[in-house]
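1. How does the following fold in three dimensions:
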Amino acid sequence: MSKDRPTIGTDGLALPILPPERDPRVWARLCRIMFYTPGFLALLLLKVGEPTGFGISVELLMLGSMSAIVGGLYIGTQSEGAGADHSSRIGTWCGSLVLELLAVVPILCAVPSLFHELANSKLLHAMAPGAVNIPLGASELLPAVAILPFLLYQLAGFGTLHYIVSRPMNWAINIGILGLIIASTAANRQGAFGMEKVLVGVLVIAMVITLFYGVLKLRQMQTLYDANSPPKAAK
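-> Okay, the predicted model is just below:
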């Protein structure tokens, strides 16, 4: 929380603790990266058209790509100048929430299965005569390690969700994300693609519900803050 941000409102009660001010230009650049990278990768996989395990990975990558556009719409509404209202003041926060929950989480969920399929695709890796196929083993899970710094980002107070839900709920949501990603990856490795789709569906629905709650909660907090914030001292 900024040092010059008041903590007690005109009604004598504590004001909501809003996320810190963030540079919308940084998040706008991230939107471009999040749109192009998974989008082009999904199109590449569609062109390859094999193997079967690519299916849910392509859907997750496209979700991440399209969510970046929606996140950019929110970030583009950020304004503190003339005509700014409760919604425009939370544009960057809402956009970051969209990117965190509906862009980053789906990509993190897609990466383990995607790498496994790419590494074992017979179409992409034609075996030369006499060549020995050496399995990658546990090293296939190395791309999935990216989820650990993401959890640290969320649980250490960097994420927007930290300001919206209680600490126990924040832990529960992120443990749920980790558990569903692990379970869906295990289902993919076992060839249980139906179960994988169910688990991924639960993950995406949970992220959508959390996003709806987060955006509405942020607007409620900003409305309450604006209604009870002491007037700024004249310069």
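
2. Can you classify P20 as helix, strand or coil?
-> Here P20 is coil, with the state taken from DSSP: H, G, I helix; E, B strand; the rest coil.

3. Any buried residues in the longest helix along the chain, and which?
-> For the chain, the helix that runs over the most residues, judged by DSSP state H, is helix 193-228. Residues of helix 193-228 classed as buried by neighbour count (16 or more other CB atoms under 10 Å): 196-197, 199-200, 203-204, 206-207, 210-211, 214-215, 217-219, 221-225, 228. Every residue, glycine included, has its C-beta placed from N, CA and C.

4. Next: stretch 30-37.
-> 30-31, 34-35.

5. Now pLDDT and distance to S184 too, for these, in CSV please.
-> Listed next are these as CSV, based on pLDDT from 0 to 100; distance: CB to CB, whole Å:
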residue, pLDDT, distance to S184
L30, 86, 25
C31, 87, 26
M34, 82, 21
F35, 82, 24
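
6. Just send the residues you listed back as CSV, with secondary structure and distance to A172 too.
-> Below are the buried residues of stretch 30-37 laid out as CSV (DSSP: H, G, I helix; E, B strand; the rest coil; distance: CB to CB, whole Å):
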residue, secondary structure, distance to A172
L30, helix, 26
C31, helix, 28
M34, helix, 26
F35, helix, 30
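
7. I182: which of these is nearest?
-> The nearest member of the buried residues of stretch 30-37 to I182, counting by CB to CB, is M34 at 23.1 Å.

8. My understanding was that the closest one contacts L99; is that so?
-> Yes. Counting by CB atoms under 8 Å, M34 touches L99, with 6.2 Å between them.

9. gap between L13 and K232?
-> 19 Å (CB to CB, to the nearest Å).

10. err, S113, not the other one
-> Distance from S113 to K232, by CB to CB: 52 Å.

11. So between the two, which is more surrounded?
-> Comparing S113 with K232 by other CB atoms under 10 Å, the one with more neighbours is S113, at 26 against 8.

12. Phi and psi next, for the more buried one.
-> In terms of degrees, to the nearest 10, the main-chain angles of S113 are phi -70, psi -40.

13. List the residues that contact the closest residue to it other than its chain neighbours.
-> Closest residue to S113 in three dimensions, ignoring its sequence neighbours and counting by CB to CB, 6 or more residues apart in numbering: N188, at 4.2 Å. By CB atoms under 8 Å, 6 or more residues apart in numbering, the contact set of N188 is 53, 56, 112-113, 116, 196.
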